Structures are given as structure tokens and as C-alpha cells.
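Undergrad: Okay, predicted coordinates and the sequence, questions at the end:
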Amino acid sequence: MSSLTLKNVSVSFPIYEASRSLRRALLLSSVTDGRQSISDRGPVEVNALRNINLDIQAGDRLALIGPNGAGKSTLLRVLAGIYSPSAGDIECRGRVMPLFDIHMGFDEDATGYENITLRGLLLGQTRAQIAARLPEIEAFSGLGSFLNLPVRTYSSGMTFRLLFAIATSIESDILLMDEWIATGDQSFTAKADARLRDLIGRTQVLVLASHHPQLLQNLCNRAIVIDGGQIVFCGSVDDAVAFYSASQAA
């Protein structure tokens, strides 16, 4: 069964170009909620996550709640293997699919078909697997012969259709999402929402960061609140939403 386990995970980012002046230190403090380490030697370090402990098992739909800059996106990138922890351990069982940064690896000068291959390879698919999913991607995107043209000739709505069709064509055990994916033009909205919900229904684990309480309450069965790079609450989604709302009103 799929699972994600984090033990005392911390993530720090060194900023080598930061000035040692008090003015710079105060500015850095203002934009990182004081989560920095400053010394006379070496770089400034921003502590994005501190001592995160999580046990996510099959069947869990985990909501990540917190203000901007709290560490939600950093945590998702750690779970996806994009960032390595500065300290602590991660154990992952199952195929992880990060459903964010869907523009990554997209080449506007390449054709739609070429971009399907490029993006599929970046997501860890073989050429045979990409070829097997091609008819589904073609049909869902609805782009027809436009797939033979460079992506730079597409409208923003057409580009999103292709990106979305590729990103949601791959099955996974663990699905990571940073906000609900914007669904482009209005005619595509219902179709895209239904596809996302079907994908979530088939995955064993969902981790979803969002600022929309109702969405989290509808999709998730447990939640954590992150603030200052730390987990400050863990419990039901309703209780987590109430805790976060109270902390923001204080």
C-alpha cells in the first residue's frame, strides 16, 4: 500500500548573495516571517520547514492549510522529491505524481505532439507509455490538427487544454496538488473538474494545499495547519479550518 512518512524533516535554503547589513536582515525577516539564520560567516539561511513529522497512509486525503509563505508549497516539493531535506528522513512507497508546475518542460516552439512526448518523459514515462496514452490526450484536449502546429500559435486556452490533458493522463498512487488547477475557458471547466475528481478517486493518497476551505472539506478527510514552517495543528478538516480561521482573526 502507498504511504509517505516524514521524520523530523527540515529544509533550509542558503542565500549566498544576501548582504550582512542590518537593513537587509530586517527586510529578509519581514518576508520570511523571521525564519532565517544570520551569522557573520557564511550565507543567510531561510528555514522553510522545521521538524516536520507526518504519517500519510493509503486512503488519506490530507489538506494543507496555512498563510502564504507558511511552507505548504515547499512541503509538497519535498514530498515530490524536488527538494531534498536539509535534515530528517522521508520514506515513500508508491508512484508520486506532482500535479503542479504543469508548464515545466513545455517548449513553445515545439508542436503539440512534440510537447506531449517532452512532458511525458519529464514525468517519468517511457516512449511506449506515452504512445499508449496519446489517443486519450488527443481526445481530451480537443485540439485536433492543431497538435501538428507549434504551441506558440495556440491561444492561452488551447495551451491549457493540452497541458491539463497531459498532466492528468498518468495514473499515480500518490497525487500532490498545490491549489485546484485553474480550468481555463468556461466550456472546458466542467469537463476538467470531472476529470480531476475521477483522478483523485482512483489515487490512494491525496495531498492538497488550498486557500478554499469548502474545497478541502469536500475532498479531504484530515488536515494539518502549517505556519512558520512548522505544523501547528493536526486533526479533522473542520477543526483545522476553525483553528486557522481563529488564528488569523486573533
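TA: Perfect, I can see it now.
Undergrad: check contacts around I56.
TA: Listed by Cβ atoms under 8 Å, 6 or more residues apart in numbering, the contact partners of I56 are 3-5, 62, 205, 207. In short, each C-beta sits where N, CA and C put it, glycine included.
Undergrad: one more time with 6 Å, if that's ok
TA: By Cβ atoms under 6 Å, 6 or more residues apart in numbering, I56 lies in contact with 4, 62, 205.
Undergrad: Inside strands: which ones of these?
TA: Members of the contacts of I56 lying in strands (criterion: DSSP state E): 4, 62, 205.
Undergrad: from what I can see the last one touches I174, true?
TA: Yes: distance between V205 and I174: 4.3 Å, which falls inside the contact criterion (Cβ atoms under 6 Å).
Undergrad: can you list residues touching both of those two?
TA: Common neighbours of V205 and I174 (Cβ under 6 Å, 6+ apart) are S2.
Undergrad: Name the residues linked to I224 by a beta bridge.
TA: Under DSSP bridges, the beta-bridge partners of I224 are L64, C234.
Undergrad: ok, how many other residues are close to it?
TA: 21 (other Cβ atoms under 10 Å).
Undergrad: From W180, how far out is it?
TA: 18 Å (Cβ to Cβ, to the nearest Å).
Undergrad: ok, now P67?
TA: 18 Å.
Undergrad: Confirm V232 sits in a strand?
TA: Yes: per DSSP: H, G, I helix; E, B strand; the rest coil, V232 lies within a strand segment.
Undergrad: Among the ones in strands among the contacts of I56, which one lies nearest to G235?
TA: G235 has its nearest neighbour among the ones in strands among the contacts of I56 in L62, at 11.4 Å by Cβ to Cβ.
Undergrad: who's in contact with the closest one?
TA: 56, 207, 222 are the contacts of L62 under Cβ under 6 Å, 6+ apart.
Undergrad: Let me see the ranges of the strands in the chain.
TA: 3-15, 36-37, 44-57, 61-65, 87-93, 96-98, 174-178, 205-209, 222-227, 230-235.
Undergrad: And the ones you listed, which one averages the lowest pLDDT?
TA: Least confidently modelled of the strands of the chain is strand 36-37, at a mean of 53 by mean pLDDT.
Undergrad: returning to that earlier point: please dump the strands of the chain into a markdown table; it should also carry distance to G157 for every row.
TA: Shown next, in a markdown table, are the strands of the chain (distance: least, Cβ to Cβ, whole Å):
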| stretch | distance to G157 |
| --- | --- |
| strand 3-15 | 34 |
| strand 36-37 | 41 |
| strand 44-57 | 34 |
| strand 61-65 | 29 |
| strand 87-93 | 35 |
| strand 96-98 | 23 |
| strand 174-178 | 21 |
| strand 205-209 | 24 |
| strand 222-227 | 33 |
| strand 230-235 | 38 |
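Undergrad: Go through those strands and name the closest to R127.
TA: That would be strand 96-98 among those, by Cβ to Cβ, at 18.7 Å.
Undergrad: How far does that closest one sit from its chain's centre?
TA: 8 Å (Cα atoms, centre = their mean, to the nearest Å).
Undergrad: circling back: just tell me which of the strands of the chain ends up closest to N148.
TA: strand 96-98 (27.7 Å).
Undergrad: May I have the phi/psi pair for S169?
TA: The phi/psi pair for S169 (degrees, to the nearest 10) reads phi -90, psi -10.
Undergrad: how close does it sit to L163?
TA: S169 is 11 Å from L163, by Cβ to Cβ.
Undergrad: Check Y244 too.
TA: On the measure of Cβ to Cβ, Y244 and L163 end up 31 Å apart.
Undergrad: any low-confidence regions in the protein?
TA: 16-43, 182-185 (pLDDT under 70).
Undergrad: so where's the longest helix in it?
TA: In the chain, assigned by DSSP state H, the helix with the most residues is helix 186-202.
Undergrad: which of the residues in that helix are buried?
TA: Across helix 186-202, burial judged by 16 or more other Cβ atoms under 10 Å covers 188, 192, 195-196, 199-200.
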